[in-house]
Every structure is written in C-alpha cells, then in structure tokens.
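Colleague: Need coordinates for the following:
(chains A and B)
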Amino acid sequence: MNELPNSTENDAKDPRVARREKMRQIEEQGLDPWGSRFDDRSLVSECRDRQTEIQWTREDGNAIPLPDLTTEGFDFRQWKSDNGPGEQTGPTVRVAGRIMLSRDKGKLIFLTLRDWTGEIQIFIGKNQVGDDGFALAKLFDLGDLVAAEGRLGMTNTGELTVFASRLYFHAKMLEPAPDKHAGLTNTDLRQRMRYADLAFNDGVIQTFLDRTKIVKSIRHTLDQDGFCEVEGPTLHTVAGGAAARPFATHHNALDMPLTMRIALELHLKRLMVGGMERVYEVGRVYRNEGISPRHNPEFTMLECYQAYGDYRSMMDLTERLIVDAIDAIGGGYIREFDGNTIDFTPPFKRASYADLFHEATGVNPADDQAVLDYAKTLHITTDGKHPDVIRNEIFEEKVEDTLTGPIFVIDYPASICPLTKRKQDNPAIAERFELFILGMELANAYTELNDPDLQEKLFKTQLEGLEEEDSMAKMDHDFVRALRYAMPPAGGLGLGIDRLVMLLTGKKSIRDVILFPLLRPEGSGS
RNA sequence: GAGGGUGUAGCUCAGUCGGUAGAGCAACGGACUUUUAAUCCGUAGGUCCAGGGUUCGAGCCCCUGCACCCUCACCA
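Modeller: Numbers count the residues shown, from 1 in each chain, chains lettered A, B, ... in the order given. The predicted structure follows:
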C-alpha cells in the first residue's frame, strides 16, 4: 500500500531538525546565523518613550498628531481618509530581541519581539522588506534572536509597531520553543534551565532585575551613610557567628580542613577593631541544612556594623534600608504577599519579647517554673535544657508565626545571644531585635558585645541542651584576641537579602528569587 | 529525615471500570498585505520517569528506585 513514513520524513518534522535546516538556509542566503555586532540599537522601552513622535504627515506637508487609536470603536482607516492623503511618520529605530510570537499572514508577518525592557510588534511586509528580506523572515522561528530596522508607527488597531524596512539575524534557537502561551511551567525545568525560564516566562526577568535594584539600593543607602563595603573570607577554619551546620571542605596544598562561612559577623567585627568604623558586606553564606521554600543552602546576607551605635541605631537603619529598597522598585508601601497585606509604612511596630510572650501564652516569661509547666502542655521536651532555650522554643511556636509585621521584636533573653551586649540594668536581657514579617525572620541585630573576657566566657559556656554545632557560641580564639585590642561599642545588623526580595516581589519560594538554586544533578534518577 | 502529591508528544495538559494513546500549542505542507495566543484546510509526531510483579491483557493495580512540588523537622 502507501509508503510508511521513512526516517527522513520524520526527521523533517522534528522541530530540532527543522530549525537546523532553516539555519542552513540562512547560511545559503549568505548570512551568518550567529549574527554580529549591531550598533545604534533602540531598546523597546526607548521605542515606547518615542511613540509620541509619531505623526500623520499629509501630502500638503502638514503634520498632525495621531488620535488615541485604542479608543473603543475607533476606525483608524476612516480617520485617515477623513484627514486627507498622507502617511505616518515616526522615528526610525533599530530593535533587537527574541521572537516571542509570530503571526504569518502570507505576504505579511507580524512578530512580537522581546528584549529585556519589554515587547514590541514588528510589521514585516513583502513589499517593504523585499524578496530577500521576506525570504529571511520565512526562516524565523519562535525563540530566534533577530533585529529589525524601520519606522515606528501604529497599526490600524493602535498597537505600537516597527514597520520593518530591513531585517537582521542574530542567533538561531536550535531547541524547540516552550508553549507560546503557558511558557515553561515545570518547576524543575524552570530552575534547571533558568535561561529558558528567563527568556520565555513573563515576569521572571523583571523579578531578578528587581532583585538587582534592591541590592543596589541597599548598597546606596549604606554608602550614603558612610558605610564602607568589604569582602571577608568565605573559607573559614572556624565557622562562627550563627547557629548552623557548615559545609566542610579541604585545602590540598596545606592539607587543611576548612569550612564555608555561615555568617559574616566575626570578620566584620575584626575590621571594626582595626578602625573601619562603619563596614558592611553583602555576601553569600553557606549552611548545610535542609532545603525548603524559604531555605537554600547558599543565600545572600547583608551584615553591617556601626561603631558607637547600638541596636536602636540599627532599627532605624533597617527601616530605612527596606523603605529605600521599596522606593527603588516602586509599587508603594502597601504590598501583597500570598494573600496577606503588609504595610511597610514606617515606623514599624516595636514590641518586647517578654510582652509578646506574655500576650500569646498568658505566662510570665520571667517565671521559670511557669514557663516549664507551660512547655509541658506544648509537649516540648525540657530535660536538661536551659530555661532560656525552653522559653525560646515556646516563643518560636506560639509567637513567631503570628507576627504579621513588620514588627521589631526587641530585648531577647541573654543566654540565647552569646554575641550580644546585655542591658546595663538587667544582665538577663540582651540588647537585640529581630524583624518579623509574616512569621519570617527578616533581620537580626544587636548591640555588639565588645567585652573580650565576657565573650571568651560565653564561647566556653555551652548552653545546656544544645549540641555544639547548634550553638552560635563556637570558640574563635583569634576573634577574642581581636576584641582585646578594643572594639568600639557598636550596633550590628544582619538582613536576609533573599527573603527581603521574596517579600518585595511577592514570590513564595526562595527558588524564585535565586537565579540558580541548588538542585540535584540532572538525570541522577537513572 | 518523615508524611502526602506529581511524572503521558518538543511545551501545557486530558486519559472513564484494566481492553488498539488523546487535545491545544510548537513542527511540516497549503491559503491569506494591519494581525493580537491571528484564522482556515491538511500531515506527521509516544521508551506513558526507570526496573520488577499481578493479569489473557497495565498509562491505569502492587512493589522498588529516581526526580520535582507541598507539609513538617533542622534553619535564616
């Protein structure tokens, strides 16, 4: 009977094969399918800014502005005949980008072209670009990088359009395009192939550009305040400054075990001893802990230290950092996150740890026995634990999740804060705050402990009920020696950049604000 | 680490009671010079995540493994 489809026929219908075949045909036309330098380029955003320059120039030489073509029921063709023969005149632009959509009408093709500032329509008419240009346009596929030169104008339906007079080819996409409407929704593929996620999914690139703006704004705010940015080491011999398990690594030539840093704190404080009175670092830290929508093994922290300040100075600074960051990306101080409304209008609320504890539990946090009894009702194991540890477990369970915020929780039990200065009139309380938003701990700051003898003692005293690796109090002899060279009284702040970006961009997963989150290797299943 | 969910065409997803594998988009051929996820006619495209089992027969049921997602734990 009929011939079964042979393999070459099947190949011709494989999108990958078809794309390579078109690449070959582009070469046959004497063009390089991998493009070259493209000068005097207009960004899409610049084209949008220039649409006011489009006019209707009549044959008598008079130019009149275009009406609002988007008005419902407006007939542009009728308007043209009413206003006398003429033509649209607009600036000539050269736009380059990726083909997102294509509407082929035979001798007329509409492209939707995207660059990193937005999308714009390209009108390609056979008579306008010539036979060669049109033959090239017929070899375009979704996802290809192309460029067009032409006049900016409006179509009959009022869409801003580049009416191409010349086409360029910049790079062939050899892989099949994702669904042109849904994009790439498979979360695994989106993270694994972030390039495709950025290129084809709406808003992804904007989120990461916003992230950049937020980080820039934070640097700007601190720089304006006289802080100086530094870079501490990421390879530590002792991973201190936070309660977390580190990654272990090894230096071959020195045959020396090393750990990746879990915090920036101890080196920045060394710099304050040295006289760098306001320092900060925006840097990656690495914690060998579980992975969740709010946890990635490597994440970005801001830590900054201000000599002669205290935790109250840090509260004001924190507020300013966040408010400035919001201003940088726009959208106002009232923001939505996962169905919740957060009001970032300063000043943020402030409440003491003890008051919040009492409010939520009805228990006086200073009454150790009452706290112990209450812990038992929550089935928290209490054996061998320091009362402050128990208190804090209750706080985490009963209070933290309820903190919509933004709210500064201030004045923590001292024994869970081994790097913090105690209140002068009450050594059981540490001068520390944490900023909570929707139950998330966004920032952590304190009046820095600068008493070397007390610091050494706190390093030595492991909290009962805590494994050493769970404790912030890991002995760092050199750090204690540094304090003996005298560190000024100071305020210090740590702020989780990824979580701030999540809150400000409305992303529920930290993996949506980290370009390349940690993944298992591809194909590890087979 | 524990529990739950998902895995089917390049992409997004259906698939009934266990009985020959489906759609839209993308691709390929054709029509169309102001379209808007263009439309219309036609064609092709499958290791149903992997391995094992039950069955006359498995995309579907059972077991094991892998990956991702969600919740919890650890943590920020």
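
Colleague: contacts, neighbours, all on C-alpha from now
Modeller: OK.

Colleague: For A:Tyr245, which three-state class applies?
Modeller: Residue A:245: Arg, not Tyr. State at A:Arg245, reduced to three classes by DSSP: H, G, I helix; E, B strand; the rest coil: coil.

Colleague: Give me the pLDDT for it.
Modeller: The per-residue pLDDT reported for A:Arg245 equals 86.

Colleague: burial count for it?
Modeller: Residues lying near A:Arg245 (other C-alpha atoms under 10 Å) number 20.

Colleague: what do you get for A:Gly158?
Modeller: Residue crowding around A:Gly158 was assessed by other C-alpha under 10 Å; the count is 17.

Colleague: And it, how far from A:Pro67?
Modeller: 9 Å (C-alpha to C-alpha, to the nearest Å).

Colleague: now do A:Gly84
Modeller: With distances taken as C-alpha to C-alpha, A:Gly84 is found 15 Å from A:Pro67.

Colleague: and if you look at A:Phe357?
Modeller: Separation of A:Phe357 from A:Pro67 (C-alpha to C-alpha) stands at 63 Å.

Colleague: more crowded one of those two?
Modeller: Remark: of A:Phe357 and A:Pro67, A:Phe357 carries more neighbours, 21 against 13, as counted by other C-alpha under 10 Å.

Colleague: Would you mark the buried spots in the helix or strand harbouring that one?
Modeller: Assigning secondary structure by DSSP states H and E places A:Phe357 in helix A:353-361. For helix A:353-361, the neighbour count (16 or more other C-alpha atoms under 10 Å) marks A:Tyr353, A:Ala354, A:Asp355, A:Leu356, A:Phe357, A:His358, A:Thr361 as buried.

Colleague: Contact partners for the fourth one?
Modeller: Shown here is A:Leu356, whose contacts under the criterion C-alpha atoms under 8 Å, 6 or more residues apart in numbering are A:Val399.

Colleague: what does the helix ranked longest in chain A rub up against?
Modeller: Looking across chain A with DSSP state H, the single longest helix is helix A:204-224. Contacts to helix A:204-224, defined as C-alpha under 8 Å, 6+ apart, come from residues A:116, A:197-199, A:228-229, A:280, A:320-322, A:324-326, A:328-329, A:497, A:501, A:505, A:513, A:515.

Colleague: Packing partners of the next helix or strand after the helix holding A:Phe357?
Modeller: Downstream of helix A:353-361, the next assigned helix or strand under DSSP H and E is helix A:368-377. The helices and strands touching helix A:368-377, judged by 3 or more C-alpha pairs under 8 Å, 6 or more residues apart in numbering; DSSP states H and E, are helix A:387-398.

Colleague: Now the helix it packs on: buried residues?
Modeller: For helix A:387-398, using 16+ other C-alpha under 10 Å, the buried residues are A:Pro387, A:Asp388, A:Val389, A:Ile390, A:Arg391, A:Asn392, A:Glu393, A:Ile394, A:Phe395, A:Lys398.

Colleague: same question, stretch A:499-513
Modeller: Under 16+ other C-alpha under 10 Å, the buried positions of stretch A:499-513 are A:499-507, A:509-513.

Colleague: Only C-alpha atoms, please: export it in CSV.
Modeller: Written as CSV, here are the backbone C-alpha positions of stretch A:499-513 (Å, rounded to 0.1, in the frame of the first residue of the first chain):
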residue,chain,number,x,y,z
ARG,A,499,13.8,36.9,51.9
LEU,A,500,13.5,40.6,51.5
VAL,A,501,13.4,40.1,47.7
MET,A,502,10.7,37.4,48.2
LEU,A,503,8.6,39.8,50.3
LEU,A,504,9.0,42.7,47.9
THR,A,505,8.5,40.8,44.7
GLY,A,506,5.7,38.6,46.1
LYS,A,507,7.5,35.3,45.4
LYS,A,508,6.5,32.5,47.8
SER,A,509,9.6,30.4,47.1
ILE,A,510,13.2,31.4,47.7
ARG,A,511,13.9,29.4,44.5
ASP,A,512,12.1,32.1,42.5
VAL,A,513,14.5,34.8,43.7
